[in-house]
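Enquirer: 3D, please:
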Amino acid sequence: MSDPITDAQALETEGKLAEAIQAYDSILSTTDETSTLALANFRLGTIYRTWRELFTAQRFLTKAHQLSPSDTGIRDAIAELNLHFSENRDAIAEEMSRKNSDQIVSLFRIATGIKLITMDKAVQAYPLLKSRTKIFPNAAVAKHLLTNIQITEEERNSAIDFLLERDWLVKTDVSLYTIGKSGLSAFYTELAQLHVANAAYSEAVACYEQAYWLDPSQHHLRYQQLICHTEAEAWDAAVGMLEQLPTEVPEDVDLVVYHTAVAQSYHHAYQTTQDENAKQKVIEACETVLRLDKKAKEISKLLASYQGKRSWWRR
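Expert: Residues are numbered from 1 along each chain as shown. Here you go, the predicted structure:
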């Protein structure tokens, strides 16, 4: 059985820092062991220090020190960062102001993009939302960087109010705001749907994965991810997911589309392996689709290729 902290460190060693950040963040929410929490916070602080996200780095290093005050490595890292702050006060103040402005811009674009979708203006929304994935490579990074954003009363606008009204943005202190998990989940879900509408299925898979990471209770997101795998013809990934998904499909999922994806995935698996179990799953999925939609011609043809020329309803 793999160890989460070891897996996260391996990602960091391989230079997959965004993935490592997400792995360390998952550890923070799944363990209460003090030494592990201290290490995860320390590594997060170190990565963000490398990325020159100094204020985010300071937040995690401070937490690590609170958890393990006697750790000399953590103490040295905080001392080095504090020295950098004291020796570069003017530059740091300017950088803080610039990053805060960038964060407000990101909130504005997320809010405006989702708002445009509600107005049936998906074409205008798509580039706004898509641009944020270049800034935030995954949901963990977005969560960390969109924290403690200073927004004055003069800077509040309809976009910020749009987020606040839905509890997607949370006021944490006087003039300080933090993106909520529900806000990030809405962002990734809406962007995934826009990717699907634009036939960018691999990108949709990534967005559905982030939305599910934020809220694992939203099981339908995994089924949507599977459907996108099949649209992208990523058959191995699709079959791999099918082996993990419960057979009971959530209500939010289109059953015809889902079972069509199942049939196509196992069909391609059977072509490669000639595995009888895969063949049976193709037949079962085809039959399910045709019970739901008798006019599904492609599925009818697929089923006929497995069972001869007889129409499925005459068997």
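
Enquirer: show me where the stretch 51-200 of the chain has helices.
Expert: Along the stretch 51-200 of the chain, counting by DSSP state H, counting those that start in this stretch, helices occupy 54-67, 72-87, 89-118, 122-130, 132-135, 139-145, 158-165, 181-197.

Enquirer: which residues touch the nearest residue to residue 260 once chain neighbours are set aside?
Expert: The shortest distance from residue 260 to any non-neighbouring residue, by C-beta to C-beta, 6 or more residues apart in numbering, is to residue 289 (5.4 Å). C-beta: built from backbone N, CA, C; applies to glycine. Residue 289 makes contact with 256, 259-260, 263, 296, 299, according to C-beta atoms under 8 Å, 6 or more residues apart in numbering.

Enquirer: what's the residue closest to the geometric middle of this protein?
Expert: Compute the mean C-alpha point of the chain, and by C-alpha atoms, centre = their mean the closest residue is residue 210, 1.0 Å away.

Enquirer: hmm, back to that, secondary structure class of the residue nearest to residue 260, three-state.
Expert: For residue 289, the assignment made with DSSP: H, G, I helix; E, B strand; the rest coil gives helix.

Enquirer: Give me the distance between it and residue 179.
Expert: For residue 289, the distance to residue 179 (C-beta to C-beta, to the nearest Å) stands at 40 Å.

Enquirer: Give me the number of neighbouring residues for the nearest residue to residue 67 once chain neighbours are set aside.
Expert: Counting by C-beta to C-beta, 6+ apart, residue 67 lies nearest to residue 38, which is 3.8 Å off, once chain neighbours are set aside. Residue 38 is flanked by 19 other residues according to other C-beta atoms under 10 Å.

Enquirer: mind checking which helix or strand residue 38 is in?
Expert: According to DSSP states H and E, residue 38 maps onto helix 34-50.

Enquirer: name the helices or strands packed onto that helix?
Expert: Packing partners of helix 34-50 (3 or more C-beta pairs under 8 Å, 6 or more residues apart in numbering; DSSP states H and E): helix 4-13, helix 17-28, helix 54-67, helix 72-87.

Enquirer: any chance of these in a markdown table, with mean pLDDT, mean neighbour count and distance to residue 200 too?
Expert: Below are the helices and strands packed on helix 34-50 laid out as a markdown table (pLDDT from 0 to 100; neighbours: other C-beta atoms under 10 Å; distance: least, C-beta to C-beta, whole Å):
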| stretch | mean pLDDT | mean neighbour count | distance to residue 200 |
| --- | --- | --- | --- |
| helix 4-13 | 97 | 16 | 25 |
| helix 17-28 | 98 | 20 | 19 |
| helix 54-67 | 97 | 20 | 29 |
| helix 72-87 | 97 | 14 | 39 |
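
Enquirer: Can you tell me which of the ones you listed is nearest to residue 141?
Expert: Checking the helices and strands packed on helix 34-50 against residue 141 by C-beta to C-beta gives helix 17-28 as the closest, at 5.7 Å.

Enquirer: my guess is residue 148 meets residue 178, correct?
Expert: Yes - using C-beta atoms under 8 Å, residue 148 makes contact with residue 178 at a distance of 6.2 Å.

Enquirer: Could you name every residue contacting both of these two?
Expert: Both residue 148 and residue 178 are contacted by residue 172, under the criterion C-beta under 8 Å, 6+ apart.

Enquirer: check contacts around the nearest residue to residue 251 once chain neighbours are set aside.
Expert: Excluding the flanking residues, the one nearest residue 251 by C-beta to C-beta, 6+ apart is residue 220, at 7.8 Å. For residue 220, the contacting residues are 250-253, by C-beta under 8 Å, 6+ apart.

Enquirer: buried ones in the host helix or strand of residue 263?
Expert: Assessed by DSSP H and E, residue 263 sits inside helix 255-273. Neighbour counts over helix 255-273 (16 or more other C-beta atoms under 10 Å) mark 256, 258-270 as buried.

Enquirer: Equivalent analysis for stretch 208-220, please.
Expert: 208-215, 218-220.

Enquirer: now swap in stretch 241-250 and tell me
Expert: Neighbour-count burial for stretch 241-250 flags 241-242, 245, 249 (criterion: 16+ other C-beta under 10 Å).

Enquirer: out of those residues, which one sits closest to residue 74?
Expert: Nearest to residue 74 out of those is residue 241 (C-beta to C-beta; 39.2 Å).

Enquirer: That closest one looks like it's in a helix, true?
Expert: Yes - assessed by three-state DSSP, residue 241 belongs to a helix.

Enquirer: Check the spacing between it and residue 225 real quick.
Expert: As judged by C-beta to C-beta, residue 241 and residue 225 stand 7 Å apart.

Enquirer: likewise residue 135?
Expert: 23 Å.

Enquirer: between the two, who's got more neighbours?
Expert: Each of residue 135 and residue 225 has its neighbours counted (other C-beta under 10 Å); residue 225 has more, 23 against 15.

Enquirer: nearest spatial neighbour of the more buried one, skipping sequence neighbours?
Expert: Leaving aside its chain neighbours, residue 225 sits nearest to residue 208 (4.2 Å; criterion: C-beta to C-beta, 6+ apart).
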